[in-house]
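A.B. asks: Build me a model:
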Amino acid sequence: MASSPPHPPYPGAAPGSTLRHPHWWQRPAVRYGAVVTLLALSGLVILALVREQTGTQGFLVGLGLAVLPVPLLLAAFRWLGRVEPGPWRNLLFAFAWGACAAALIAIVANSFATRWIATTTADPAGADTLGATVIAPVVEETVKAAAVLLLFLFRRRDFHGILDGVVAAGFTATGFAFTENVLYLGNAFGTDQLTGGSGIASVTAATFFVRVVMSPFAHPLFTVLTGLGFGAAALTADRRRVRRVLLPLAGLLLAMGMHALWNGSTTLGRFGFIAVYGAFMVPTFGLLTWLVVWTRQRELRTVRTELPAYVVAGWLRPAEPFALGSMRARRLARKAAREHGGRPAAQAVAQYEAYATQLAFLRHRGRAGKAGADFATRERELLLELWHRRAAARPALEHAARLTAPPVPYGAGWAYGPVPAAWPAQGRPPYPAYGENPYRR
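C.D. replies: Sure thing, here's the model as predicted:
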């Protein structure tokens with residue numbers, strides 16, 4: 001069982017090892033180039049398909065309306081992941097996969113399957129119903145889950161728990177819903193052009209209300225269930241391989257089931273849509289929102305609980321675990337660093353916060369026996385990253401801790417060390433210039 005040492009060693013160089021040149025297909029530039037090329041080609045093809053179905057005017061109208069909920073959804077998922085923010089390249093990949101590759105595969109597969117069923121059964125109406133309630137949920141949730149799976153397999157160092165799965169799934173589903181909304185809204189506009197509909201009574205207005213106003217969270221809600229499965233698998237010990245496979249599959253099946261129920265609500269009678277929306281969609285949305293917010297607070301508690309061991313070892317200052325376990329203190333620290341050291345200092349503080357959070361999660365997994373064989377190597381890497389950024393981050397975090405810590409009687413101490421007598425409840429401490437050693441006497 002891997003466990004973290006009670007007193008991490010003092011910073012020093014890691015033992016050298018023999019380096020081998022990777023094969024050309026293992027080089028990061030080759031891999032990034034292949035992914036970007038694949039997504040770009042998928043984007044061009046899906047753009048052509050949607051424009052062919054909606055026409056140029058319909059495409060532009062659908063694009064303008066479909067983009068409205070995207071910033072709000074992405075900001076919400078980014079906020080959930082702020083405790084340990086993942087690299088933007090992962091999030092951009094997830095969004096692009098959903099908007100381009102997943103949407104393209106879904107459109108082609110759904111159309112092919114529906115036409116095949118209609119030809120085989122000679123029942124076009126039944127084929128459309130089966131395609132919407134069975135085929136579409138299976139295909140769409142599978143292709144969206146592929147993005148989360150790829151991040152889980154190839155970006156494992158950035159995929160640590162529940163929120164990482166939720167954020168990856170949310171970005172992927174938001175991209176997919178964006179492209180799908182462009183198609184639906186563009187087709188609705190084309191229908192209005194043929195029938196002369198306009199205003200509130202138009203098909204475009206009705207489609208916009210249902211897809212953008214009432215249910216912009218529908219696709220993210222489905223795929224988040226898959227993300228929860230991958231997040232739970234990330235928290236599972238490596239030796240429990242069956243559980244690590246079954247948890248994502250369970251989440252995927254739940255996502256398919258919820259998606260099928262949502263698509264099938266239109267076949268349940270006049271008020272079927274409203275019944276499913278009120279009885280299932282809204283409660284599920286509320287429950288998952290509570291779950292991810294609770295998980296976010298739990299991760300902050302993990303940071304406050306695990307980092308004091310590194311205070312004892314001399315890697316962190318006593319105020320840092322408290323400041324790093326508070327989102328308000330983190331924000332104040334970045335603000336103070338920007339005011340006194342500019343953007344480079346603020347960036348160093350943000351990186352310090354991210355590495356410290358990863359360190360806390362790593363130690364938590366180690367104490368639970370869920371860390372991998374590279375625990376010691378990864379711990380040293382994170383500690384050295386903190387050590388290199390300490391000059392800018394420590395004064396900012398101590399300043400934020402003074403502004404946010406609750407009042408404590410002198411001599412009573414505090415969970416992460418004694419409270420220095422010179423620390424006022426409010427006020428600006430002496431702050432060194434960026435790059436100076438703030439502890440040089």
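A.B. asks: What is the neighbour count of residue 156?
C.D. replies: Using other C-beta atoms under 10 Å, residue 156 has 11 neighbouring residues. Using the backbone N, CA and C atoms, a C-beta is placed for each residue, glycine as well.
A.B. asks: Quick check: phi and psi at it.
C.D. replies: phi -60, psi -30 (degrees, to the nearest 10).
A.B. asks: Quickly note the distance from it to residue 177.
C.D. replies: Residue 156 sits at a distance of 27 Å from residue 177 (criterion: C-beta to C-beta, to the nearest Å).
A.B. asks: now do residue 405
C.D. replies: Per C-beta to C-beta, residue 405 is found 42 Å from residue 177.
A.B. asks: Which one's more surrounded, these two?
C.D. replies: The residue with more neighbours, out of residue 405 and residue 177, is residue 177; 29 against 18, by other C-beta under 10 Å.
A.B. asks: wait, isn't that one in contact with residue 216?
C.D. replies: Yes - using C-beta atoms under 8 Å, residue 177 makes contact with residue 216 at a distance of 7.3 Å.
A.B. asks: Now residue 405. Nearest residue, chain neighbours left out?
C.D. replies: Nearest residue to residue 405, sequence neighbours excluded (C-beta to C-beta, 6 or more residues apart in numbering): residue 322, at 6.2 Å.
A.B. asks: after the helix or strand encompassing residue 274 comes which helix or strand?
C.D. replies: Using DSSP states H and E, residue 274 sits in helix 272-276. For helix 272-276, the following helix or strand on the C-terminal side (DSSP H and E) is helix 282-306.
A.B. asks: buried stuff in that following helix?
C.D. replies: Of the residues in helix 282-306, those with enough neighbours to count as buried (16 or more other C-beta atoms under 10 Å) are 284-285, 288, 292, 295-296, 299-300, 302-306.
A.B. asks: contact partners of it?
C.D. replies: For helix 282-306, contacts defined as C-beta atoms under 8 Å, 6 or more residues apart in numbering pick out 80, 83-84, 161-163, 166, 217, 221, 224-225, 228, 258, 321-322, 324-327, 356-357, 359-361, 363-364, 367, 415-416.
A.B. asks: One more: stretch 208-224?
C.D. replies: Residues outside stretch 208-224 that contact it (C-beta under 8 Å, 6+ apart) are 65-66, 68-69, 72-73, 77, 137, 141, 144-145, 148, 166, 169-170, 172-174, 176-177, 180-181, 184-185, 188, 255-256, 258-259, 262, 277, 281, 284-285, 288, 292.
A.B. asks: what sits up against the helix holding residue 274?
C.D. replies: Everything outside helix 272-276 that qualifies as a contact, by C-beta under 8 Å, 6+ apart, is 261-262, 265-266, 268.
A.B. asks: from the residues you listed, which is closest to residue 396?
C.D. replies: Nearest to residue 396 among those, counting by C-beta to C-beta, is residue 262 at 46.1 Å.
A.B. asks: need the contact list for the closest one.
C.D. replies: So residue 262 contacts 218, 222, 276, 280-281 (C-beta under 8 Å, 6+ apart).
A.B. asks: thinking again about what came up before, for the helix or strand containing the residue nearest to residue 405, the averaged confidence score.
C.D. replies: Using DSSP H and E, residue 322 sits within helix 320-324. Averaging pLDDT along helix 320-324 gives 93.
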